[in-house]
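Chemist: With the input below, show me the fold.
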Amino acid sequence: MPVRTPTSTSSAICDRTAHRQTAPVDADLDTVFEACTRTGTALEIGSSPDRLGLSAEHIRQARRHGVRFSIDSDAHAIRHLPYLRYGVGTAQRGRLTPGDGGVVSPGGVGFDISCGVRLLASDLDRDELASLIGQVMDTLAAVIPHGVSHGRLWQPGDRAEMEKILLTGARYAVERGHGVERDLERCEDNGAVADADTAHVSARAIDCGLHQVGSLGSGNHFLEVQAVEEIFDPPTAQQFGLRRRVTASDQTGT
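Modeler: Numbering: from 1, shown residues only. Presented below is the predicted three-dimensional model:
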């Protein structure tokens, strides 16, 4: 949760069970709320019924600290934008009013907490892939670790190495051969938070992370093989190297 990241204006907390599978975040919320007030960071009120975020009770608690809020659709598709009404309802139950300040945002998944979302372009025509798509997807599912505690591509040697990953982020991954220099140029803050402090990470979280570095993860994380159907902004598409070809998109979490 990037409350202290200089480029961050909004942050999310999961204090209820996301996807009804993972445990709520165990955090000192009063400390979090005080940090949000001090840095001017707004707290996100998520709207998706499948990803339950900040509760009405904690909205009232944060409001007493003077925290500002943003209501976000957490949309994964255009059809999810109407979910905003659920976020507005949660805000109302938290006794927020327009006078409390804040914003309603149609932002898509992960835009506020530096989720690792990436689009990869290819030179492959979609017709060339059509007959092989089933085999391709089965192979990707077999070789890419995904889910909770279901493997990883990189096994840190011990807690000390895990702390290096937490402190230096993507830079350490590149140094260990798990990326290239230009990957860092495409990451916010070059893939690391300058004032990261592992003292705020619980032993349980680090133990879990030791077995999941380099995995796709779970929850709303995904890998999709896609195709460009139509180009609406040719100059921008050219900058991204996009044509009417096959692409791949992934969301691997923060």
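Chemist: where does the stretch 101-250 of the chain dip in pLDDT?
Modeler: Scanning the stretch 101-250 of the chain for pLDDT under 70 picks out 101-116, 149-151, 219-220.
Chemist: Let me see the ranges of the strands in it.
Modeler: Using DSSP state E, counting those that start in this stretch, the strands of the stretch 101-250 of the chain run over 102-105, 117-121, 222-227, 246-251.
Chemist: so which of those strands comes closest to Gly191?
Modeler: With distances scored as C-beta to C-beta, the stretch of the strands of the stretch 101-250 of the chain nearest to Gly191 is strand 117-121 (12.1 Å). Using the backbone N, CA and C atoms, a C-beta is placed for each residue, glycine as well.
Chemist: how about Asp100, what does it touch?
Modeler: By C-beta atoms under 8 Å, 6 or more residues apart in numbering, the contact set of Asp100 is Arg63, Arg68, Phe69.
Chemist: Could you list the residues in contact with stretch 82-97?
Modeler: Outside stretch 82-97, the residues within contact range by C-beta under 8 Å, 6+ apart are 45-49, 54-60, 63, 69, 71-75, 102, 104, 106.
Chemist: no wait, stretch 230-241
Modeler: Outside stretch 230-241, the residues that touch it by C-beta under 8 Å, 6+ apart are Leu119, Ala121, Val228, Leu242, Arg243, Arg244.
Chemist: Wait, the first one touches Arg245, no?
Modeler: No. If you go by C-beta atoms under 8 Å, Leu119 and Arg245 don't touch, sitting 12.0 Å apart.
Chemist: More neighbours: which of those two?
Modeler: With neighbours defined as other C-beta atoms under 10 Å, Leu119 and Arg245 compare such that Arg245 has more, 17 against 13.
Chemist: Distance check, the more buried one against Asp123.
Modeler: As judged by C-beta to C-beta, to the nearest Å, Arg245 and Asp123 stand 6 Å apart.
Chemist: do the same with Leu216
Modeler: Distance of Leu216 to Asp123, computed by C-beta to C-beta: 24 Å.
Chemist: and the contacts of Asp100, which of them are in helices?
Modeler: Among the contacts of Asp100, the members falling in helices are Arg63 (criterion: DSSP state H).
Chemist: Out of the contacts of Asp100, grab the one that's most surrounded.
Modeler: Top of these by neighbour number is Phe69, holding 25 neighbours under the definition other C-beta under 10 Å.
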